[in-house]
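>>> build me a model from this:
(chains A and B)
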Amino acid sequence: MTNKFYITTAILYTNGPPHIGFALELLQADVLARYNRLIGNDVWFLTGTDEHGTTVVRAAEKNKKTPQQLADQVAGQVIDLAKKLNISNDDLIRTSDKARHWPAVVKFWNKLVESGDLYKKKYSGLYCVGHESFMKKSDLVNGVCPLHKTEPEKVEEENWFFKLTKYKKDVKRKIEAGELKIVPESRLQEILNLIDDAEDVSFSRPSSSLKWGIPVPDDPDQTMYVWADALTNYISALGYGQDDAKSKIKNSKFDRFWPADIHLIGKDILRFHALYWPAMLLSAGLPLPKAINVHGFITVEGEKMSKTIGNVIDPFVVIEKYGSETTRYFLLREIPSTEDGDFSYKKLEERYNGDLANGLGNLVQRVATLVENNLGGELIYRRITNYELRIMNYEKAIQEFRLHDALGEVWKVIVEANKYVDGRKPWVEAQESPERFLETMTVLVGLIHHIAWLLQPFLPETAQKIAEVFGDDLLSKGIPENYKFIIKKGAGLFPRLK
RNA sequence: GUCGGUGUAGCUCAGUGGUAGAGCACUUCCCUCAUAAAGAAGUUGUCGCAGGUUCGAUCCCUGCCACCGACACCA
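A predicted model of the protein is given here:
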């Protein structure tokens, strides 16, 4: 049965170039998107950029650019990164896009107004000029901002607020009922603990302090704050807000794909996706996303990535040096999908040599050589009844968002295949028992087909290369009886490093 | 401070009420189809500390220590 499958990543904030963590998020989403395409689902995969806010303005000033120029530059880098990582996204939405994004946000905002869920409220707080933001009393040291050593001013602002409190019980119920699934479990607990204490949230700022953003409809002195603006990307990209006064057809993408099946996010923005966003959707009368998958952060040699330490990993550098498939493999295999994980070049090279070169690459090469040298590079497939591949947990791992485990399952097949080769000794069989040899090779070619099939969502180029070596069209998971494999040994998939 | 999590072999982590496992690394053996790859065997641990429950705890309870995360209108 064909299902639709709509998956999104968080949108990258354009105050700096995409980092390795965003690369990981793109990759995880890509695997889920590719996997769902593979099993025949109707997939839409969205990523994008979050381009508004004072932080972008400040970063732009530093670079002597306008916020738009900086956003353009970073958005370009995201497109480049997606291309270099072989990401199969169907679309990329930018929040500065006045044609696609803004109308949706305005329509969505007006829906909240219609529901009576936006109201203006005076807000007074301690404003630190250095931070350009409000601070809590508890953040101050001796009444002074610890960073800027200045006493914050008492400032009163009138802002739009969203009645989050009106919906938090409903959101909680839906999360508890599993209608809105939070993965993994630990994050579910975290959000449930938060909901009760949640208060209404500010949805706008005076445009005097926040210029770079979307103006509040009918209130030009106010600019929308990030939640109202950024979260809406998930529906603006589907054409929400484009249909009014035009034909219904325009909106078909929204009808076809909303609600999202998975919002993939980092653990830092769980609250906004699991609480604010669902509440906003309830207010607007729209269905809630089905699941929020939360990944962790990448540390570097055990330390937090930070600009001050200077240990930030640039994904472009990694891809440049090791190639996209190796980068994909390492990040997807070494970093547990829902946990923090560590990046180091040493581990990357160990994974490369151990798993890709010695494991997968070597297996493909040895089997290809055996068939080429002893069968003239041709093998007519038939089912071997006395060999059975063990049932694996590959699909379950993907469905449970344990992508690293899914790859582990594939490598179990590789190990199994290597053991099989050594057990059967085909180089002896070739001399003494051509029949047994043929059987051995049939099993192995079947295993390699299986491996290539399973690798498709993770290492699409590698899967393709393996298929080319074996003349495998990779059209189906199973192999048709009498399928003719034409094997032509190649240069080797992953030459050993050093 | 409140809530939650983690602490198991050199490293990364699984795991169970009956005194522990995997992968990598390391050692030895073996093979030669293959990318000096593969395969086999093996070494390594006071299962954070101190109590308690139990015939028996690494797994249950309590306290402590260490580290981490969430609780901030940070974008």
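>>> tell me where the model's unsure across chain A.
Residue ranges of chain A with pLDDT under 70: A:1, A:124-153, A:243-251, A:306-309, A:390-392.
>>> what pairs with the host helix or strand of A:Val43, parallel or antiparallel?
According to DSSP states H and E, A:Val43 maps onto strand A:42-50. Sheet pairing of strand A:42-50 (DSSP bridges) gives strand A:4-9 (parallel), strand A:12-13 (parallel), strand A:91-94 (parallel).
>>> of those strands, which is nearest RNA strand B?
Comparison of the strands paired with strand A:42-50 against RNA strand B by Cβ to the nearest atom of the strand identifies strand A:12-13 as nearest, at 4.4 Å. (C-beta placed from N, C-alpha, C; glycine too.)
>>> could I get the buried residue list for the strand holding A:Val43?
Of all the residues in strand A:42-50, those buried under the rule 16 or more other Cβ atoms under 10 Å are A:43-50.
>>> rewinding a little: output the strands paired with strand A:42-50 as JSON lines; include the columns distance to A:Tyr352 and mean neighbour count.
Formatted as JSON lines, these follow (distance: least, Cβ to Cβ, whole Å; neighbours: other Cβ atoms under 10 Å):
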{"stretch": "strand A:4-9", "distance to A:Tyr352": "26", "mean neighbour count": "24"}
{"stretch": "strand A:12-13", "distance to A:Tyr352": "27", "mean neighbour count": "23"}
{"stretch": "strand A:91-94", "distance to A:Tyr352": "30", "mean neighbour count": "20"}
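>>> quick one: which of these is nearest A:Leu26?
The minimum distance between A:Leu26 and the strands paired with strand A:42-50 falls on strand A:4-9, with 6.0 Å, by Cβ to Cβ.
>>> so A:Tyr6 sits against A:His263, correct?
No. Using Cβ atoms under 8 Å, A:Tyr6 is not in contact with A:His263, being 9.4 Å away.
>>> whichever residue of the stretch 1-150 of chain A sits closest to RNA strand B - nearest residue in space that isn't next to it in sequence?
Of the stretch 1-150 of chain A, the residue with the smallest distance to RNA strand B, taken as Cβ to the nearest atom of the strand, is A:Gly53 at 2.0 Å. Leaving aside its sequence neighbours, A:Gly53 sits nearest to A:Val226 (Cβ to Cβ, 6 or more residues apart in numbering; 5.9 Å).
>>> do the same with A:Arg402
Nearest in space to A:Arg402, with sequence neighbours left out and distances taken as Cβ to Cβ, 6+ apart, is A:Ser337 at 5.6 Å.
>>> would that neighbour count as being in a helix?
No. Counting by DSSP: H, G, I helix; E, B strand; the rest coil, A:Ser337 is not found in a helix; it is coil.
>>> what residues does it make contact with?
Under the criterion of Cβ atoms under 8 Å, 6 or more residues apart in numbering, the neighbours of A:Ser337 are A:28, A:293, A:295, A:401-404.
>>> please list only the buried members of these.
Members of the contacts of A:Ser337 classed as buried by 16+ other Cβ under 10 Å are A:28, A:293, A:295, A:401-404.
>>> of the residues you listed, which pair is most distant in space?
Of all pairs in those, the most separated under Cβ to Cβ is A:Asn293 and A:His404 at 13.6 Å.
>>> thinking again about what came up before, mind putting the strands paired with strand A:42-50 into a markdown table with distance to A:Val216?
As requested, the strands paired with strand A:42-50 are exported to a markdown table (distance: least, Cβ to Cβ, whole Å):
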| stretch | distance to A:Val216 |
| --- | --- |
| strand A:4-9 | 25 |
| strand A:12-13 | 21 |
| strand A:91-94 | 20 |
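>>> and of the ones you listed, who's closest to A:Ile414?
Across those, A:Ile414 has its closest neighbour in strand A:4-9 (27.9 Å, Cβ to Cβ).
>>> if we can go back for a sec, what number of residues lie near the residue nearest to A:Gly53?
A total of 18 residues lie near A:Val226 under the criterion other Cβ atoms under 10 Å.
>>> so it sits against A:His52, correct?
Yes. Proximity of A:Val226 to A:His52 meets the contact threshold set by Cβ under 8 Å, at 7.0 Å.
>>> which residue does the stretch 201-350 of chain A have closest to RNA strand B?
For the stretch 201-350 of chain A, Cβ to the nearest atom of the strand, closest residue to RNA strand B: A:Ser202, 3.3 Å.
>>> so what's the nearest residue to that residue once chain neighbours are set aside up against?
What sits nearest to A:Ser202 in space, not counting adjacent residues and going by Cβ to Cβ, 6+ apart, is A:Asn159, at 4.8 Å. Contacts for A:Asn159 (Cβ under 8 Å, 6+ apart) come out as A:120-121, A:123, A:202-206, A:222, A:225.
>>> again, only using 7 Å
Residues counted as contacts of A:Asn159 (Cβ atoms under 7 Å, 6 or more residues apart in numbering) are A:121, A:123, A:202, A:204-205.
>>> got those as a markdown table, with secondary structure, distance to A:His449 and neighbour count columns?
Converted to a markdown table, the contacts of A:Asn159 look like this (DSSP: H, G, I helix; E, B strand; the rest coil; distance: Cβ to Cβ, whole Å; neighbours: other Cβ atoms under 10 Å):
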| residue | secondary structure | distance to A:His449 | neighbour count |
| --- | --- | --- | --- |
| A:Lys121 | strand | 63 | 11 |
| A:Tyr123 | strand | 63 | 14 |
| A:Ser202 | strand | 56 | 17 |
| A:Ser204 | strand | 57 | 28 |
| A:Arg205 | strand | 57 | 23 |
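>>> and those, which is closest to A:Ala104?
When the contacts of A:Asn159 are compared for distance to A:Ala104 (Cβ to Cβ), A:Ser204 wins out at 17.0 Å.
>>> now do the helix or strand hosting A:His449: which elements does it pack against?
Per DSSP H and E: A:His449 is located in helix A:434-455. Applying 3 or more Cβ pairs under 7 Å, 6 or more residues apart in numbering; DSSP states H and E, one finds that helix A:434-455 contacts helix A:362-375, strand A:378-380, helix A:403-424, helix A:426-432, helix A:460-470.
>>> would you mark the buried spots in that helix?
So, applying 16+ other Cβ under 10 Å, buried residues of helix A:434-455: A:437-455.
>>> is it anywhere near RNA strand B?
No. Using Cβ under 7 Å from any atom of the strand, helix A:434-455 never reaches RNA strand B; the gap is at least 9.3 Å.
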